Structures are given as structure tokens and as C-alpha cells.
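Trainee: pasting the structure only:
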Ligand SMILES: [Zn+2]
């Protein structure tokens, strides 16, 4: 394999409140409704915001709230599978919300029921054989957002369309009237600067 | 560990949830062979959490109470069976043994009606279509016999391939278990099976394959795309 660049190790970037939601999730796993309410108050509006900005499917405010309930119910039911060593709370909740959005998209397309479901395909939460980079959960969201703001405008734009509007790189290329290769290289450059590229 | 990987933009599409279902099936299959890309996806998902969960939209009052009220009546979480218990009974009519097939592929195989098995496309290539609940790509298992030669063909659409067992080669390299290949519109290639072993691949093809010579047209009706 090519050289794998790991981020330099440092425990100094951890803010006092960084583990707050991780701890809350661990309490939810034990059936703690107060912890659940706190998670709901924090993540509920963020999940709704994510669904409302997503381009596929485009959904109403009411459906967005139904989805928030669906996601938070899954959080309640799956919390016992949450492993604080494997993911930050925001990452874990993001993947659940993402899968609910994908589900809705395919439900809307009214295809015949396949023998597999979204969680069989987007199954990253359950792959337990994958070695985990201890460092990846150490960076705070604030740091990451800060570095996105530092990117050149055209890279920022692509990254935001991809993650905040959940568009594929092909859709972004069509939207911006750019060759696919240009969009791909902007994504790569942005990821390198954000230090999430493992291989160069 | 595989030698051929999906490009980063595709992994981003997978992590952000915008990849097409058929692409995601191929990507997910590659991830189960490739710790490196799996790790990359984890980082990309983390970025997703950091970027997608940032701008709150106010919830209507009472949504929390409504949700709390559903918690107790909700189905209790069912612990997932352990990896070993999850092994789905092998469909030995389809594959030569079940050497470490990814769980997703095993599930896809169970979706095939029993007698369907392999359809011969030519002397050296057969395929088994997999139902995946979408119509844009034809997802299938393809088997290239040991020493088999496939028709020289070009593409009018996208073709994603993940090698599951054995190996094959073309003008650009030798591909073995876990390797991920993408061929875009206009690219022409001629896969050749390895000499001593059948090769089985998972493929997703987006449009009708264009064949090159008049001779290849003999096979054309067999290669026509019929998504399930
Ligand atoms: Zn890989």
C-alpha cells in the first residue's frame, strides 16, 4: 500500500465539552430519558436542518420533523451498539440520519422491495473488523468547520454542496458546468487540507 | 489487500449518501475487502457529521414529547446476531464454494430465484442478475471461466466491477479479490480470465454495452441490459 499519512498525535485539541454527547449516548444506551431529551434538544434541530437542505429528496417541513422522530427513535433503539471508541456522537448520528434520508429517497421512487435494505449497503456502523484511528474522534467539530472556512472559495463551495446539500460529485459538476475531473480534484485538494485524506 | 480502489470522489458520494444505490453496493463490497478505504470512509463520515449537522432548523414545540411518548411502545432493539450467526446459508449452485463472500453479496444472492443460476453469455462468460430494487443499473454476478476470453467491448455508460473470487486481466492490469474497477463511457477493454481458475465479479452496468466487431454482435442479444 502507498504511504498512509496519519495526523500528528495531540491530545491538546480536546475541549472540555467534547465528550458531552458521547457520554449522553452511553447513558441513552442504559435507558436514560433525560440524556435522550438532551440529545434530542441538541441534535433534533440539526438533523432537521440537514434534511431541509438536502437536495434529494426535497421534503416539506412536516416530513422533515417525521424524519427527525424516526432518526431519534433509531438513536434510542441502537444506542447500545454505540461504541465511544469507534465514533464521535455526531458521526454516529449523522450516519443514522443519512441512512434514513436514503431510505426515504428510495421509498419515494416506489421500486419493488429489494432483498436488501439501506443498512445492508451503507453498513459502516456495523463493520466491526475495521481498525479505528483513535485520533479521528479527537478533533472537535469547531476545528473542522474552522478549517473549511479557510479553504479557497471554489473548494469550499464543492465541499458544501457535497455534504450540506448531499449532492454527488457528478451532480455538482453538472450544476457548476465543470468537467468531472475538476470537481474531483477540488474535492481531493479540500480533503487534503482538511486532513481527512489517508492516501496521497 | 486490494490494489485497485475507487477514487476519492466516489468514496465521498458513499459517505455523504449521494452515491447511487448500485454504485453503493459495489463500493460497500470493496470496503469489506479493503481496510484502507473503509478507514477513509470513516473519516469522510466524520466530516459529514461535522458539516451536515451544523445549521439548526427550529422544531415545532411538542416534538420531543411526541417522540418520548413513542419510546416505550417502540419495538425493543433487537441485538444483531453475531457475525458467525449472520452467515447466510450458501447458495452453492451459484458460486464455487463460499470463500469469505461479503455479507452484502450473500444477501444479494439469496434474492435470486432458485432455478435462475447462471445464464451463459458466451463460451466463457455467464451471468446471474441480482435484484437490487432500482432500474438505472443492472447489477449482476459475472463469471469468466478459467482461460476465458470476453468480447472486446466499449461502454456507452458506466461499469463498476468488484472482483469477488479468482482473478482476470485486461490491457491495464491484473485484478484479484476485492479490486474495484470503473470503466466510463467510451472506454474499450477486453477482460481475460485467469488460466487456472474461474473469476467471479460483482458488476453494475448503467447502459447497454456497445460491441466492437460484427462478430461480437453475435453476442449482443445476450449482453442486452435488462435491469431487474
Ligand atoms: Zn480500497
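Mentor: Arrived safely, thanks for sending. Because the structure is predicted, anything quoted here is derived from the model rather than measured. Numbers count the residues shown, from 1 in each chain, chains lettered A, B, ... in the order given.
Trainee: From now on I want contacts and neighbour counts done on CA atoms only, so please keep to that.
Mentor: Noted.
Trainee: residue ranges for the helices of chain B, please.
Mentor: B:8-16, B:21-33, B:35-52, B:63-73, B:83-86, B:103-110, B:220-223 (DSSP state H).
Trainee: mind checking which of the ones you listed is nearest residue A:40?
Mentor: Closest to residue A:40 of the helices of chain B is helix B:63-73 (C-alpha to C-alpha; 7.0 Å).
Trainee: Can I get the helices of chain B in JSON lines including mean neighbour count and mean pLDDT?
Mentor: Listed next are the helices of chain B as JSON lines, based on neighbours: other C-alpha atoms under 10 Å in any protein chain shown; pLDDT from 0 to 100:
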{"stretch": "helix B:8-16", "mean neighbour count": "24", "mean pLDDT": "97"}
{"stretch": "helix B:21-33", "mean neighbour count": "24", "mean pLDDT": "96"}
{"stretch": "helix B:35-52", "mean neighbour count": "24", "mean pLDDT": "92"}
{"stretch": "helix B:63-73", "mean neighbour count": "14", "mean pLDDT": "91"}
{"stretch": "helix B:83-86", "mean neighbour count": "9", "mean pLDDT": "45"}
{"stretch": "helix B:103-110", "mean neighbour count": "20", "mean pLDDT": "86"}
{"stretch": "helix B:220-223", "mean neighbour count": "14", "mean pLDDT": "44"}
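Trainee: Please tell me how far stretch B:134-141 is from the chain's geometric centre.
Mentor: Centre-to-centre, stretch B:134-141 and its host chain are 9 Å apart (C-alpha atoms, centre = their mean, to the nearest Å).
Trainee: scratch that, stretch B:161-169 is what I was asking about
Mentor: How far stretch B:161-169 lies from its chain's middle: 12 Å, per C-alpha atoms, centre = their mean.
Trainee: again with stretch A:21-34
Mentor: Relative to the chain's own centre, stretch A:21-34 is displaced by 20 Å; criterion: C-alpha atoms, centre = their mean.
Trainee: Give me the distance between whichever strand or helix holds residue A:38 and the centre of its chain.
Mentor: Assigned by DSSP states H and E, residue A:38 belongs to helix A:33-53. Here helix A:33-53 is found 14 Å from its chain centre; the criterion is C-alpha atoms, centre = their mean.
Trainee: Check whether that helix comes near chain B.
Mentor: Yes: against chain B, helix A:33-53 shows contacts by C-alpha under 8 Å from any C-alpha of the partner chain at A:33, A:37, A:40-41, A:43-50.
Trainee: Kindly report the residues of chain B close to the ion.
Mentor: Selection of chain B residues close to the ion by C-alpha under 5 Å from the ion yields B:5, B:34, B:37.
Trainee: So, low pLDDT: which residues of chain A?
Mentor: Within chain A, the stretches with pLDDT under 70 are A:1-18, A:109-115, A:126-142, A:199-200.
Trainee: mind running it again at 80?
Mentor: Scanning chain A for pLDDT under 80 picks out A:1-18, A:55-57, A:106-115, A:125-146, A:195-200.
Trainee: Domain ranges for it, per the record?
Mentor: Following automatic domain parsing, chain A resolves into domains at A:20-126+A:133-138, A:148-193.
Trainee: how about CSV for these, with mean neighbour count added?
Mentor: Below are the domains of chain A laid out as CSV (neighbours: other C-alpha atoms under 10 Å in any protein chain shown):
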stretch, mean neighbour count
domain A:20-126+A:133-138, 19
domain A:148-193, 18
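Trainee: I'd like those laid out as TSV, including distance to the ion.
Mentor: Below are these laid out as TSV (distance: least, C-alpha to the ion, whole Å):
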stretch	distance to the ion
domain A:20-126+A:133-138	14
domain A:148-193	16
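Trainee: possible to save the ones you listed as TSV with distance to residue B:161?
Mentor: As requested, the domains of chain A are exported to TSV (distance: least, C-alpha to C-alpha, whole Å):
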stretch	distance to residue B:161
domain A:20-126+A:133-138	16
domain A:148-193	19
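Trainee: Now the residue in chain A positioned nearest to chain B: closest residue in space, sequence neighbours ignored.
Mentor: Ranked by C-alpha to the nearest C-alpha, the top residue of chain A for proximity to chain B is residue A:46, at 4.2 Å. Among residues not flanking residue A:46 along the chain, residue B:56 sits closest, at 4.2 Å (C-alpha to C-alpha, 6 or more residues apart in numbering or on different chains).
Trainee: So what does the residue of chain B found nearest chain A have for phi and psi?
Mentor: When scored by C-alpha to the nearest C-alpha, chain B has residue B:56 as its residue closest to chain A, at 4.2 Å. Main-chain dihedrals, residue B:56, degrees, to the nearest 10: phi -70, psi 150.
Trainee: so how many other residues sit close to it?
Mentor: Residues lying near residue B:56 (other C-alpha atoms under 10 Å in any protein chain shown) number 17.
Trainee: Does it touch residue A:49 like I think?
Mentor: Yes: counting by C-alpha atoms under 8 Å, residue A:49 is a contact partner of residue B:56 at 4.9 Å.
Trainee: Helices of chain A, residue ranges please.
Mentor: Taking DSSP H, the helices of chain A run over residues A:20-29, A:33-53, A:61-78, A:89-108, A:118-121, A:141-150, A:153-164, A:169-176, A:180-193.
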